[in-house]
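S.K.: What shape does this take:
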Amino acid sequence: MYNESALSRREAVDYYLSNSKSLKQTAVTFGVHYQTVYKWVKIYREQGMEGLLSRYHRPWNRPDPNLEEKVVSLKERYPAITLILARQMLAAGGIKMSIKGIASVWKRFGYAGYEKNKMSNEFIDYIPWSRVAEDGFQQAKALFDMGYVERSAGILNGLPVLPRNDLLIHFPARILGLRRRLEKAFMLFGKTPIPEYLKMVRRLQGECKKKSLHYSALRIGIVEAATLGWTGKCEEQLEKINELRKYMDSCSAVSPVRRSGLLFEPHFTLLVGEAIAYAHTLKIRRGYEIANHCARLLKTHKHVSPHFLTDLGTVYSNLEDYSRAEYWFKQALFRVDQAKRQRLEFYLAYHIGFAKGDFRKARFSLKEGAVLDWVHRLWKLRLQALSSFTGGNPSQAIKLATQCLNISKKSELHRDIFNTCLTIACAYQSLGENAPANRMLARLLVHLVKNRLNKQTLILRMLLGHGFDLSDEVKLLPSVRVLKLLRENKYWRAYRYARNKGIIGNFFRYVFFFPDVVRGRLSRGRLTGLPRSILKLPIFNKEAIVYNIRFLGNPVIYRNQSYLKTILPPKNAAFVIFLALEAGEPGKRIPLADIYRNFFASRTNAGRSLSRLLAATRKSLRLPTHFLEISYQTAEPALINRGLHFISDLGEFEQSLTTARAFEKSGEWSLAKREFLRAFRLFRDSPFRKMYDAWSESTRLRILNALENEVLRFIQICREHGDQECVRGIIDRTMKIIPASDAIKEQLSMIRGATS
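M.R.: Numbers count the residues shown, from 1 in each chain. This is a model prediction of the structure:
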């Protein structure tokens with residue numbers, strides 16, 4: 001939306017003033033009449049660059065600015081006021097103005113005249129560009145491009161309203177007026193960390209309240225309520241929604257008239273947020289009542305935005321009614337152009353694909369750029385993780401889910417932390433490693449209870465077998481119903497119910513916590529309905545082999561949860577660790593060239609040396625020959641993992657650190673501290689002792705650098721929280737593992753100096 005004619009005027013004036021050319025010469029150069037150049041130069045000398053860039057002329061019949069401000073103040077003070085009541089109240093104050101005149105002012109300031117097919121919970125998306133806004137924006141952009149930032153901001157501050165644009169976000173808040181800061185806040189969602197974003201919108205709403213700008217307070221309050229919903233703070237969200245409703249009823253104190261139809265968007269948006277909050281606080285009936293009321297509103301409303309249809313689909317998906325959710329998502333698809341269709345397909349693929357268990361197909365449907373970057377990456381990684389372990393590759397699922405946890409901790413999304421930790425726990429369960437799975441869920445349960453995530457807390461209690469009460473209302477939630485049936489050993493009923501309700505994706509995750517039920521059906525030759533890839537996983541398949549390699553100290557190996565009594569020479573131990581980290585997933589290929597370079601760089605016959613090492617490794621690990629094979633059938637010969645599963649204490653170290661950061665970011669310092677300490681305790685000694693091959697040397701350096709950096713970061717966080725009682729012990733422990741670390745020595749000397 002760049003004003004080319006304004007640019008030409010500026011260039012013509014610059015050319016005339018700086019080159020000593022005549023008006024006629026300048027006019028010929030720019031292809032305009034010489035009187036036009038004269039007029040431009042005159043405007044520039046009288047009004048400056050701002051006047052030259054502007055082409056907007058205030059209409060003769062437009063109300064006086066002071067009168068406009070009174071009309072705007074009335075709408076701000078009483079958001080629900082109608083045109084008729086506004087005219088009456090203005091007349092009572094001695095101001096005569098027509099309904100058409102009031103409506104034109106409201107439209108110019110963004111309170112009316114909406115683009116109804118673009119209606120959403122962000123008003124800057126559905127307010128059309130007025131002539132005054134467009135002209136002012138073009139002036140401001142031209143000045144900004146010339147480096148006049150404050151002059152540009154001054155023009156923007158003088159505009160009545162500014163729809164979404166790519167300029168406003170570049171201005172610091174200190175030079176923007178309140179209206180522009182409100183509009184900028186909408187643009188910053190997803191670009192600013194959630195805790196900082198919440199503080200910002202709360203400050204803005206407080207400022208609006210002090211100035212009795214109730215309409216603006218309502219708009220920014222809706223953003224706060226939506227953000228609280230994203231973070232899982234449902235109780236706070238409900239309180240905020242009840243507070244915001246008072247603004248929409250504020251006009252009842254003046255006159256008991258009907259609420260303005262212009263408030264349909266905030267009214268509907270608050271209903272949507274309320275229904276989702278009730279779904280997560282297990283008030284399922286109330287959530288359904290509101291969702292069904294929203295459905296009736298959309299069926300009877302004259303102009304229905306696709307965004308409202310998508311919102312209603314999201315409500316039903318939170319209530320786990322995926323058939324209705326899919327219906328509303330698809331209704332929205334029919335009403336949008338190709339540009340917005342991508343975003344709706346994204347939601348449809350994620351919500352419905354996730355529920356139906358078609359993780360792989362849903363993942364490939366998630367197109368880049370459809371929604372916020374971090375949302376896209378998080379959801380796509382989660383679906384990759386789920387498709388990995390349901391596809392028979394839980395080790396890969398754990399790695400991907402750990403990456404998800406990294407994204408979740410940056411945004412402080414408690415529900416995402418729950419979903420990610422549950423995926424990791426499910427992956428461990430599928431390997432038969434129930435101890436780390438239960439530890440992870442038990443630690444997560446404390447976090448969920450503290451943050452009052454009722455739905456997730458109940459699901460976790462049911463998975464762990466803790467005591468819980470199920471009311472008739474709670475049983476309306478399909479996930480709870482499925483878990484109840486599984487706990488009662490009614491497997492086939494649970495499977496059919498999950499299939500009918502479209503939550504087979506959740507069923508696949510939950511079933512790993514009830515292995516005996518599945519094994520019992522398999523032993524009797526009965527159907528389970530589970531994919532073959534899941535039935536091949538170690539928890540259901542006795543022939544599958546899982547190795548747990550503990551090498552953060554002297555190497556210790558567990559085979560299917562049993563300690564393996566074997567003593568490995570250093571090179572053999574290094575090779576086993578290499579397999580665990582580089583070929584830890586079934587189907588993984590390691591080029592032989594990489595193995596030769598890492599372990600046999602000085603050998604003339606590396607192939608024979610590898611064959612001997614493989615034979616010794618198979619014998620030590622009690623491993624059948626076919627699980628590790630060398631293939632020469634491709635252009636690049638490789639060692640192939642034909643079905644082994646590996647986990648390691650290094651993986652646990654990374655998961656514990658990521659979980660600790662997530663807890664610390666969400667304000668759970670006690671839980672974060674516990675996770676940090678657990679991660680550091682996994683180091684029993686310095687890894688890779690007496691292992692001098694190239695791979696071991698580089699891996700040792702990488703791991704010890706990571707340990708040193710995390711210990712230093714932990715010390716800093718402890719100081720920020722005023723909690724240093726465990727720091728000395730961690731430093732002493734780390735010094736034994738990395739005695740040459742100057743940074744750790746410096747921290748130790750600081751502590752000794754402080755105590756002396």
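S.K.: Please enumerate the helices of the stretch 151-300 of the chain.
M.R.: 178-188, 194-210, 214-231, 234-248, 264-280, 284-300 (DSSP state H, counting those that start in this stretch).
S.K.: Mind checking the ones you listed for the one nearest to V449?
M.R.: helix 234-248 (13.2 Å; C-beta to C-beta). Quick note: C-beta positions are derived from backbone N, CA and C, even for glycine.
S.K.: circling back to that earlier point, any chance of a markdown table for the helices of the stretch 151-300 of the chain, columns mean neighbour count?
M.R.: What follows is these, written out as a markdown table (neighbours: other C-beta atoms under 10 Å):
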| stretch | mean neighbour count |
| --- | --- |
| helix 178-188 | 20 |
| helix 194-210 | 17 |
| helix 214-231 | 23 |
| helix 234-248 | 19 |
| helix 264-280 | 23 |
| helix 284-300 | 16 |
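S.K.: For I730, which of those helices is the nearest?
M.R.: Closest to I730 of those is helix 194-210 (C-beta to C-beta; 26.6 Å).
S.K.: helices and strands around the closest one, which ones?
M.R.: Contacting helix 194-210 under the criterion 3 or more C-beta pairs under 8 Å, 6 or more residues apart in numbering; DSSP states H and E are the following elements: helix 178-188, helix 214-231.
S.K.: Let me have those in TSV, extended by distance to N165 and mean pLDDT.
M.R.: Shown next, in TSV, are those (distance: least, C-beta to C-beta, whole Å; pLDDT from 0 to 100):
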stretch	distance to N165	mean pLDDT
helix 178-188	8	94
helix 214-231	17	92
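S.K.: Nearest approach to I744 belongs to which of the ones you listed?
M.R.: helix 214-231 (35.8 Å).
S.K.: Tell me what angle that closest one forms with helix 264-280.
M.R.: 30 degrees (axes from the mean of the first three to the mean of the last three C-alpha atoms, to 10 degrees).
S.K.: thinking again about what came up before, right, and the helices of the stretch 151-300 of the chain - which one's nearest N560?
M.R.: helix 264-280 (38.4 Å).
S.K.: any idea of the angle that closest one forms with helix 234-248?
M.R.: Using the same axes, to 10 degrees, helix 264-280 lies at 160 degrees relative to helix 234-248.
S.K.: Can you classify the closest residue to D249 other than its chain neighbours by secondary structure?
M.R.: Among residues not flanking D249 along the chain, A80 sits closest, at 6.5 Å (C-beta to C-beta, 6 or more residues apart in numbering). Per DSSP: H, G, I helix; E, B strand; the rest coil, the local secondary structure of A80 is coil.
S.K.: What of I549?
M.R.: Classified using three-state DSSP, I549 is strand.
S.K.: Check what pLDDT the nearest residue to it once chain neighbours are set aside gets.
M.R.: Nearest residue to I549 in three dimensions, chain neighbours excluded: A580, at 4.2 Å (C-beta to C-beta, 6+ apart). As summarised for this prediction, A580 has a pLDDT of 92.
S.K.: any idea which element A580 lies in?
M.R.: helix 570-582 (DSSP states H and E).
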